[in-house]
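> Sequence first, then the predicted structure, then my questions.
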Amino acid sequence: MLEIDELSVRLPHTARPAIDGISLTVAENETVGLVGESGSGKSLTARAVLGLLPAAALTAGRILMDGADVLRMSPAALRRHRTHGAAMIYQDPRAAISPFRRIGDFLTEILREELGARAARARAVELLGLVGLPEPERHVRQHPHELSGGMLQRVVIAAALAGEPRLVLADEPTTALDVTTQAEIIRLLRDLRARTAAGMLFITHDLELAAMICDRVYVMYAGRIMETGPTRRLFADPRHPYTSGLLAATPRVSDLGALPPAIPGRPPDLLTALPGCPFAPRCAHVTESCTAAAPSLADGVACVKAGS
Ligand SMILES: Nc1ncnc2c1ncn2[C@@H]1O[C@H](COP(=O)(O)OP(=O)(O)OP(=O)(O)O)[C@@H](O)[C@H]1O
């Protein structure tokens, strides 16, 4: 359904591409994780899929959605793509919905043009029921401040589902929520997956969270895919030192206050060119060949050591 083919995105006044030749697929009914630290290019990838890159960005490669290239769509095709093709669930529901608008108006905005006011309102009520809100008829008349963060995130999910999109892009959809609500939203997304044929690209910095919901995972670093594979395999047998580092650095309650080992150093910014493997400066297994040229993704891993 979604096939990203060698996508590169370069932003103005930068020394290297923010997205550097990534290839990625999502099939119908599949949930795929895109995992990595802040700044690795995850959100930019989602924006590219929606055709929402900054105007000054230079792109190469293709983003095929059911065979049509998003990077070459007409404005009319793009508009259609953003409701029925791919829809985004954003991180912070309070930032996504204007505090002055009723929930019903927020939802019908997307539907009114196609369905007319009456049918749009009925559909809004139906959608609120679909995402598990207890009193849809009442909620359409309410303002955002009358709902909790978790309820509002359900409204945002309902809005994303309004056009029955083929693909849902979920960008850190639970980061702004407390842990109980986070678990409820993950359960809802899993449940919706069983009831719709939509595929999902689930973006997170949290590998554990990705494991709860994703069939496959892509691990991204400095605009490149470092490793990819079925979630279970990736967890049981991480092959790239970055994946192992991310897993080891995930805090667990059972550690009883002991801090997990962090990956030393910071991810690189966009102002320095990186001739070799972008992870090399932080990698415990670095060899001379790592800094000479960036290893390409072969057999699911982009690493000289893991690939040998
Ligand atoms: N509109 C923009 N203008 C300039 N730089 C940008 C723009 N959008 C993103 N970037 C830069 O591109 C890089 C990738 O950003 P992106 O938001 O995709 O990362 P991310 O992995 O989603 O991180 P986060 O989890 O913090 O959102 C970062 O270095 C960021 O500063």
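Received it, and whenever you're ready, just let me know what you need.
> Residue 91 and the ligand: what is the separation?
Applying Cβ to the nearest ligand atom, to the nearest Å, the value for residue 91 to the ligand is 8 Å. Glycine gets a C-beta too; all of them are placed from N, C-alpha and C.
> what's the residue nearest the centre of the chain sitting at in phi/psi?
In the chain, the C-alpha nearest the mean C-alpha coordinate belongs to residue 203, at 2.6 Å (Cα atoms, centre = their mean). Backbone torsions for residue 203, taken as degrees, to the nearest 10, come to phi -100, psi 130.
> For it, list each beta-bridge partner.
residue 34, residue 171 (DSSP bridges).
> That one contacts residue 46, correct?
Yes. In this structure, residue 203 is within contact of residue 46 by Cβ atoms under 8 Å, at 6.0 Å.
> picking up where we left off before, what residues are up against the residue nearest to the centre of the chain?
33, 34, 35, 42, 43, 45, 46, 169, 170, 171, 172 (Cβ atoms under 8 Å, 6 or more residues apart in numbering).
> State the helix or strand in which whichever residue of the stretch 201-308 of the chain sits closest to the ligand lies.
The stretch 201-308 of the chain approaches the ligand most closely through residue 270 (4.8 Å), counting by Cβ to the nearest ligand atom. Using DSSP states H and E, residue 270 is not contained in any helix or strand.
> and the gap between it and residue 5?
23 Å (Cβ to Cβ, to the nearest Å).
> more crowded one of those two?
residue 270 (18 against 14; other Cβ atoms under 10 Å).
> so that one touches residue 15, yeah?
Yes. At 6.6 Å, residue 270 counts as touching residue 15 under the criterion of Cβ under 8 Å.
> pretty sure residue 4 is in a strand, no?
Yes. Read with DSSP: H, G, I helix; E, B strand; the rest coil, residue 4 is one of the residues of a strand.
> quick one, what contacts it?
Listed by Cβ under 8 Å, 6+ apart, the contact set of residue 4 reads 22, 23, 24, 25, 45, 48, 49, 61, 62, 63, 64.
> which ones are touching the second one?
Just to be clear, that refers to residue 23. So residue 23 contacts 4, 5, 6, 7, 225, 297 (Cβ under 8 Å, 6+ apart).
> how about the residues of the stretch 201-308 of the chain near the ligand?
205, 270 (Cβ under 6 Å from any ligand atom).
> In the stretch 201-308 of the chain, where is pLDDT below threshold?
252-257, 307-308 (pLDDT under 70).
> all helices of it, in order?
Shown for the stretch 201-308 of the chain, the helices assigned by DSSP state H, counting those that start in this stretch span residues 207-213, 231-236, 241-249, 288-292, 304-307.
> okay, those helices in JSON lines with distance to residue 87 next?
Shown next, in JSON lines, are the helices of the stretch 201-308 of the chain (distance: least, Cβ to Cβ, whole Å):
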{"stretch": "helix 207-213", "distance to residue 87": "17"}
{"stretch": "helix 231-236", "distance to residue 87": "23"}
{"stretch": "helix 241-249", "distance to residue 87": "28"}
{"stretch": "helix 288-292", "distance to residue 87": "39"}
{"stretch": "helix 304-307", "distance to residue 87": "36"}
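> Just put the ones you listed in a markdown table and tack on mean neighbour count.
Listed next are the helices of the stretch 201-308 of the chain as a markdown table, based on neighbours: other Cβ atoms under 10 Å:
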| stretch | mean neighbour count |
| --- | --- |
| helix 207-213 | 19 |
| helix 231-236 | 16 |
| helix 241-249 | 20 |
| helix 288-292 | 14 |
| helix 304-307 | 18 |
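> who's residue 220 bridged to?
With DSSP bridges as the rule, residue 220 is bridged to residue 225.
> burial of it, as a residue count?
26.
> Was I right to think it contacts residue 38?
No. Using Cβ under 8 Å, residue 220 is not in contact with residue 38; the gap is 11.2 Å.
> Mutual contacts of those two, please.
Between them, residue 220 and residue 38 share no contacting residue, judged by Cβ under 8 Å, 6+ apart.
> Residues in contact with stretch 174-187: which ones?
91-94, 148-150, 153-154, 157, 173, 204, 209, 212-213.
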